[in-house]
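**Student:** Structure, please.
(one chain, ligands or ions: 1)
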Amino acid sequence: MEPLLQAGGVVVRSFLAAGEDRALADDVLDGLTRPFKELPPKHFYDARGAELFDRITELPEYYPTRAEREILVAHAADVVALTGAGELVELGSGTAAKTRILLRAMHDAGTLRRYVPLDVTESMVRATAGELVQELPGLEVHGIVGDFERHLAEVPPPEAGVPRIVAFLGGTIGNFPPGSRRRFLRGVRRLLRPGVDHLLLGTDLVKDPAVLEAAYDDAAGVTAEFNRNVLHVLNRELGADFEVGAFDHVAFFDREHEWIELRLRAQRHMHVHVGALALDVAFAAREELRTEISAKFTRRRLDGDLGAAGLRLVRVLTDPGDRFALSLSTPRR
Ligand code: AVJ
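**Tutor:** Numbers count the residues shown, from 1 in each chain. Modelled structure (predicted):
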């Protein structure tokens, strides 16, 4: 893949190509032909889905984004002092709204060298890169347009003598089912040098189920729209004929697994045709399709998952309300 050079310290490389339609098609074929239907949450995020998610982060009920930002505002300087970081690699960087707080702290500490955002949305990687090199003179941005589940190996090697932080914020780690979560963390660990680099991980915390459920079933119905949006994606990208309004939004906290589940429940018996897959799918009345799990963490779960990936917890930072945690960990030698 040829690097696409822009002015002023920015390189953006794209690793997404025609293969993406294939990935969606495979996920849909796998997910809709099993007895318990399921779609992976990454397909929520077309342009409309990304905009709906942005609106979710502003909802009164959806506290994680605000809680994580509070932690960063209070502790970014400590994180930089503890790690000495000169490079920030961010997985799923999006608009990099919260990342700016960290980059600014690195700049203020005089350590800032390079920012490596990795995101599936090329326009966001480019826009963010352009803005940041303006805001932070001397910053190099090496953007990667890719999927953090498949393209971790495309992250450039660290520079000698420049400590790195790999940040995975927002609680997105909670979208992985338990087994793949640990596998993913092992992949992340390979980006880190023992004794030098750190993972900065955002995790939502277990709390009163009523608070959790409200965060995923807001009064304004934005999360319901976000959830149903995945059916619009399938209609458009795969020529499916989902009657989107005939699916109800369902959100509940599974106390045994300690995760939030989003589902779409068919209002009645239905047949759906997926043109691109020549696939017919039947939904029974009230049958549910799982669209997301969002795991909530305890200190124990965090320790367990990081430990299983060969990482050792260095610090756990929380907001004053103990709703969300940002943790720093480093490879065990
Ligand atoms: C972006 C995965 C962190 O799980 O809270 C928000 C996505 N889904 N409301 C989350 C989401 C419904 C969000 N993450």
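**Student:** how deep is the residue nearest to F324 when sequence neighbours are not counted tucked in, by neighbour count?
**Tutor:** Computed as CB to CB, 6 or more residues apart in numbering, the closest residue to F324 that is not its neighbour in sequence is A67, at 3.7 Å. Placement of C-beta: from N, CA and C, glycine included. Residues within reach of A67, counting by other CB atoms under 10 Å, total 22.
**Student:** now A67: how far from the ligand?
**Tutor:** Look at A67 and the ligand: by CB to the nearest ligand atom, to the nearest Å, they are 11 Å apart.
**Student:** That residue: what's it in contact with?
**Tutor:** Neighbour list for A67: D319, G321, R323, F324 [criterion: CB atoms under 8 Å, 6 or more residues apart in numbering].
**Student:** For the helix or strand encompassing it, list the C-alpha coordinates in PDB.
**Tutor:** Element membership for A67 (DSSP states H and E) is helix 64-83. Extracted in PDB, the C-alpha atoms of helix 64-83 (Å, rounded to 0.1, in the frame of the first residue of the first chain):
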ATOM      1  CA  PRO A  64     -19.500   7.000  29.900                       C
ATOM      2  CA  THR A  65     -18.100   9.700  27.500                       C
ATOM      3  CA  ARG A  66     -18.400  12.500  30.100                       C
ATOM      4  CA  ALA A  67     -17.000  10.300  32.900                       C
ATOM      5  CA  GLU A  68     -14.000   9.300  30.800                       C
ATOM      6  CA  ARG A  69     -13.400  12.900  29.800                       C
ATOM      7  CA  GLU A  70     -13.500  13.900  33.500                       C
ATOM      8  CA  ILE A  71     -10.800  11.300  34.200                       C
ATOM      9  CA  LEU A  72      -8.600  12.600  31.400                       C
ATOM     10  CA  VAL A  73      -9.000  16.200  32.400                       C
ATOM     11  CA  ALA A  74      -8.100  15.400  36.000                       C
ATOM     12  CA  HIS A  75      -5.200  12.900  35.300                       C
ATOM     13  CA  ALA A  76      -3.700  13.400  31.800                       C
ATOM     14  CA  ALA A  77      -0.700  15.100  33.300                       C
ATOM     15  CA  ASP A  78      -0.200  12.200  35.700                       C
ATOM     16  CA  VAL A  79      -0.500   9.700  32.900                       C
ATOM     17  CA  VAL A  80       2.200  11.600  30.900                       C
ATOM     18  CA  ALA A  81       4.500  11.900  34.000                       C
ATOM     19  CA  LEU A  82       4.100   8.200  34.800                       C
ATOM     20  CA  THR A  83       4.800   7.000  31.300                       C
END
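**Student:** residues near D119, how many?
**Tutor:** A count of nearby residues for D119, using other CB under 10 Å, gives 23.
**Student:** next one: phi and psi at it?
**Tutor:** Dihedral pair for D119: phi -150, psi 150, per degrees, to the nearest 10.
**Student:** residue farthest from the centroid of this protein?
**Tutor:** Farthest-out residue of the chain from its mean C-alpha position, per CA atoms, centre = their mean: H269, at 33.5 Å.
**Student:** Was I right to think that residue contacts R286?
**Tutor:** No: using CB atoms under 8 Å as the test, H269 is too far from R286 to be in contact (9.3 Å).
**Student:** shared neighbours, those two?
**Tutor:** Joint contacts of H269 and R286 (CB under 8 Å, 6+ apart) do not exist.
**Student:** buried residues in the helix holding A67?
**Tutor:** By neighbour count on 16 or more other CB atoms under 10 Å, the buried set for helix 64-83 is 64-72, 75-77, 79-80, 83.
**Student:** same thing with stretch 206-214?
**Tutor:** Of all the residues in stretch 206-214, those buried under the rule 16+ other CB under 10 Å are V206, K207, L212, A214.
**Student:** May I ask which helix or strand encompasses the second one?
**Tutor:** Read that as K207. Under the criterion DSSP H and E, no helix or strand holds K207.
**Student:** For the ligand, give me its nearest residue in the chain.
**Tutor:** The nearest approach of the chain to the ligand comes at S294, 3.3 Å away (CB to the nearest ligand atom).
**Student:** Which strands and helices lie in contact with the helix or strand harbouring that residue?
**Tutor:** Taking DSSP H and E as the definition, one finds S294 inside strand 288-295. With contacts taken as 3 or more CB pairs under 8 Å, 6 or more residues apart in numbering; DSSP states H and E, strand 288-295 sits against helix 222-238, strand 247-254, strand 259-266.
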